[in-house]
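Engineer: Dropping a prediction and its sequence here:
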Amino acid sequence: MARPTTIRGRLVRNIAIVILLLGGAVYLVTYLGSRREVESLSRSLIERVTDQTEVRLQQFFGPVTRQLRIAVEWREGGLLDTEDPDDINKHLVPLMKSYPHVSSLMVADSRGREHMLLYVDGRWRNRQCRRDEWGKQVRWTEWTDADPTRATREEELDYDPRKRPWFRGALEKARTVAARDVLGPPPLHWTKPYTFFTTKDPGITAAIAFRRGDIDHVIGFDVMLNDISKYTTGPELRVSENGMVFVTEEQTLEVLGLPRMARFDDEAARKAAVRTPLAELEVPVMSDALATYSAKGHGHDPFRFESGGGNWWGGVRHFRLAPDRVLQIGVVVPESDLLGDVGRVRLWILLVTLAVLGVALWRAHAMASRFSRPIEELVTESERIRMGDLEKGEPIRSNMREVQALADAQNRMRSGLKALLKLEGDLQVARQIQQNTFPGVLPALQGFDIDGYSEPADETGGDTYDVIGMQVDPRSASIVLSEADAQHAILLLADATGHGIGPALSVTQLRAMLRMLVRTGHDLDTIACHVNEQLCQDLPGPRFITAWLGLLDVKKQQLTSWSAGQGPLLHYHAAEDRFDVLNAHAPPLGVLPSIPIQIPGPLGMKTGDIYAVFSDGIYEAANPDDERLEEERVREVIHANRHKSAEEILTAVREAVEVFARGRPADDDRTGVVVKRL
């Protein structure tokens, strides 16, 4: 057997021949495939930039829509009273600080009363208008974050909110939907782009109209359009050397996002140009691109067109704010940017290739037999692996060390993939097992509404919950688990340290022990004692489980609650409209073999009362600024939804967590149980 050699050593002896062969191949590919490559590159480039711009627009307009609906819920719930400016500002100022592209917020009604909050040049301003009482007289109030002292003045101003496009448009849309008897939330109205009355900035307004009593109300958010042009002209969005991105309104063809050009580098120039009709902007390539797009039937694929004596590639995509308000994202790239120096490179490749092509052909056969065969075998084996065939194939024979090393690595990769596939399957089984432990159907408890949920941060989680319905068998006087007409219910929420397979096993064990002890008829004290003793024996090292146990007596309308390290516990008293925030009664389970188990007396659950228990994953949910949700915000969400069902309250809490997190992944499992007295 010949002595093994390295690929580098063999390539050094044949480097000239390899270069010639590659030169010919590169020339042919460049000459014959340049057009296809340009088309493929343009498609990829335009779609990527369009996707980026669409995501940016979603980030720009999406939060406005969500927060506007929240503001409507506030108003429908009795908040945002135009008679109480301080109450409105208390809710709207934090909202505007979170979304700086929202320039002003308006709350108005059909009597001509309006409260506007505006932030200009570092100062907060309120404009109060009461056409039914003050006529043309308006009241202005100004303050700053550094100096909250209010400065108030009045002036005569011919301003009526009922005549503004956002008010009229939202009211007309709401009445149209009401005439059709369409159920659902009030419809959202986006105005056409226009110039704001107060700031004179180009913008667009999102508004929702709804009726409360015999008065029509409209809430509107003014959104400045200058920020769109800051993005489309900024350095973070670069298509190519001379490529451009622009955004227009579909109906009016007003330009809302300007292209990257030297004349739009200045902020004042951008502000003056925003909302200019496309035909008046004097950028022919944009007009030519939209004309070609319209002629092709509004397809989604990039297209080639001519403009200014050159060839361009373009793409247009619709961004739908509402059924009647559509923006257009346009991307244009000159073909010369994509071709670059391909023409000059072709000539050099041709000259070099013609000079040495004969030598390359002479050496091609020897190179193929010496190098290609084992590499092709490796490729064939790689294709088998890609198709899922992980069985070892025929051995690859070669006297090159690199090829032998690749073959060995390929065999190790097979073994690793087998292990990974098995691990993936085990994780899926573990997740399914844990999901099956959550109650699929909650027991029916007369006069009570109960709901719970658990959302793991990984494939499996360290949280669990359970609701166990019970009734006494009259024949044997023994405890029988029941989902229908239960007389009592045992409730559980548990949170093991960490999250993943280990904690999931721990809380699953806890749930199983609980159900077994309930079946044997033990009381809450005995259950807590036995579970703690067993966990102290089973849990390794510093691990423990925080847990909340509840016993609900349907007939007496009482809830007995005991917590081992789980808190805070929230008890809302509907009659007094207040919360009790309760702490844990004992340390977590699995820490001390003997813990004080003193079950407190039962809590009376009156009509409308709510008892809510959440794991740390809810209270400690974090946003990108590393701020925590905390218990106070959870109480605010429960209070705002106190008249809804337990399921709707949990849904509102989950949605509030998602809005607060602003896309940050969960660091811990999230679990909650809500008990409401009907």
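Structural biologist: Perfect, thanks for sending it. Numbers count the residues shown, from 1 in each chain.

Engineer: switch to C-alpha atoms for all contacts and neighbour counts from now on
Structural biologist: Noted.

Engineer: now stretch 315-335: how far from the chain's centre is it?
Structural biologist: 22 Å (Cα atoms, centre = their mean, to the nearest Å).

Engineer: before we move on, what about stretch 189-208?
Structural biologist: On the basis of Cα atoms, centre = their mean, stretch 189-208 sits 27 Å off its chain's mean C-alpha point.

Engineer: And for stretch 660-678?
Structural biologist: Distance, centroid of stretch 660-678 to centroid of chain: 15 Å (Cα atoms, centre = their mean).

Engineer: average model confidence for it?
Structural biologist: Per-residue pLDDT over stretch 660-678 has a mean of 93.

Engineer: what comes up buried for that stretch?
Structural biologist: Using 16 or more other Cα atoms under 10 Å as the test for burial, stretch 660-678 gives 660-661, 666, 668-678.

Engineer: And for stretch 480-496?
Structural biologist: Those would be 480-483, 486-496, for stretch 480-496 by 16+ other Cα under 10 Å.

Engineer: related to what we said a few turns ago, in strands only, show me the buried residues of stretch 660-678.
Structural biologist: Arg670, Thr671, Gly672, Val673, Val674, Val675, Lys676, Arg677 (DSSP state E).

Engineer: helix, strand or coil for the closest residue to Ala279 other than its chain neighbours?
Structural biologist: With sequence-adjacent residues excluded and distances taken as Cα to Cα, 6 or more residues apart in numbering, Ala279 is closest to Ser287, at 6.9 Å. Three-state call for Ser287 (DSSP: H, G, I helix; E, B strand; the rest coil): helix.

Engineer: From what I see, Ser287 and Leu278 are in contact.
Structural biologist: Yes: judged on Cα atoms under 8 Å, Ser287 makes contact with Leu278 at a distance of 6.7 Å.

Engineer: Please, where are all the strands along the stretch 451-600 of the chain?
Structural biologist: Taking DSSP state E, counting those that start in this stretch to define them, one finds strands in the stretch 451-600 of the chain at 463-472, 479-481, 488-496, 545-553, 558-564, 569-573, 578-582.

Engineer: Likewise for the stretch 1-150 of the chain?
Structural biologist: 102-109, 113-120, 123-130, 137-143.

Engineer: Would you mind finding the most buried of those strands?
Structural biologist: Of all the strands of the stretch 1-150 of the chain, strand 102-109 has the most neighbours on average by mean count of other Cα atoms under 10 Å, namely a mean of 24.

Engineer: Can you tell me the strand partners of that strand and which way each runs?
Structural biologist: strand 113-120 (antiparallel), strand 215-224 (antiparallel) (DSSP bridges).

Engineer: who touches the next helix or strand after the longest one?
Structural biologist: Right, strand 215-224. Proceeding N to C from strand 215-224, the next assigned helix or strand is helix 226-232, under DSSP states H and E. Contacts with helix 226-232, where a contact means Cα atoms under 8 Å, 6 or more residues apart in numbering, come from 53, 57, 101, 202-203, 237, 244-246, 256-260, 270-271, 274.

Engineer: So which of the residues you listed sit within helices?
Structural biologist: Among the contacts of helix 226-232, DSSP state H puts Thr53, Leu57, Arg270, Lys271 in helices.

Engineer: with the residues you listed in mind, which one is nearest to Ala621?
Structural biologist: Leu57 (26.2 Å; Cα to Cα).

Engineer: In the chain, what helix or strand scores lowest on average pLDDT?
Structural biologist: Least confident helix or strand, the chain: helix 342-367 with a mean of 61, by mean pLDDT, DSSP states H and E.

Engineer: can I get the strands paired with strand 102-109 in JSON lines with distance to Gly310?
Structural biologist: Below are those laid out as JSON lines (distance: least, Cα to Cα, whole Å):
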{"stretch": "strand 113-120", "distance to Gly310": "45"}
{"stretch": "strand 215-224", "distance to Gly310": "35"}
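
Engineer: Neighbours of the residue nearest to Ala279, how many?
Structural biologist: Other residues near Ser287 come to 17 when the count uses other Cα atoms under 10 Å.

Engineer: Tell me how far it lies from Ile329.
Structural biologist: Here the criterion is Cα to Cα, to the nearest Å. By it, Ser287 lies 13 Å from Ile329.

Engineer: picking up where we left off before, what's the ChimeraX line that selects buried ones from the contacts of helix 226-232?
Structural biologist: To isolate the buried members of the contacts of helix 226-232 in ChimeraX, using 16+ other Cα under 10 Å:
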select :53,57,101,202,203,237,244,245,246,256,257,258,259,260,270,271,274
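
Engineer: Let me see the contact set for Asp265.
Structural biologist: Thr233.

Engineer: And it, how far from Pro235?
Structural biologist: Applying Cα to Cα to Asp265 and Pro235 gives a distance of 11 Å.

Engineer: same question, Thr152
Structural biologist: In terms of Cα to Cα, Thr152 sits 42 Å off from Pro235.

Engineer: for Ala322, same thing?
Structural biologist: When Ala322 is compared with Pro235 (using Cα to Cα), they lie 30 Å apart.

Engineer: Give the bridge partners for Asp451, please.
Structural biologist: Beta-bridge partners, per DSSP bridges, of Asp451: Val674.

Engineer: sorry, that was for Glu114
Structural biologist: Here Glu114, judged by DSSP bridges, has bridge partners Ala108, Cys129.

Engineer: Likewise for Leu582?
Structural biologist: Leu569.

Engineer: Tell me if I'm right that it and Gly565 touch.
Structural biologist: No: look at Leu582 against Gly565 with Cα under 8 Å: they stay out of range, at 11.4 Å.

Engineer: quick one, which of the two is more surrounded?
Structural biologist: Gly565 (20 against 14).

Engineer: For my notes, please list the strands paired with strand 102-109 in TSV and give distance to Val72 and mean pLDDT for each entry.
Structural biologist: Shown next, in TSV, are the strands paired with strand 102-109 (distance: least, Cα to Cα, whole Å; pLDDT from 0 to 100):
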stretch	distance to Val72	mean pLDDT
strand 113-120	14	90
strand 215-224	7	90
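
Engineer: about what we covered before: show me which of Thr152 and Pro235 is the more surrounded one.
Structural biologist: Thr152 (13 against 10).

Engineer: Touching, that one and Thr141? I think so.
Structural biologist: Yes: contact between Thr152 and Thr141 holds when scored by Cα under 8 Å: they sit 4.4 Å apart.

Engineer: can you list the domains in this structure?
Structural biologist: 7-35+341-410, 78-224, 238-338, 438-677 (automatic domain parsing).
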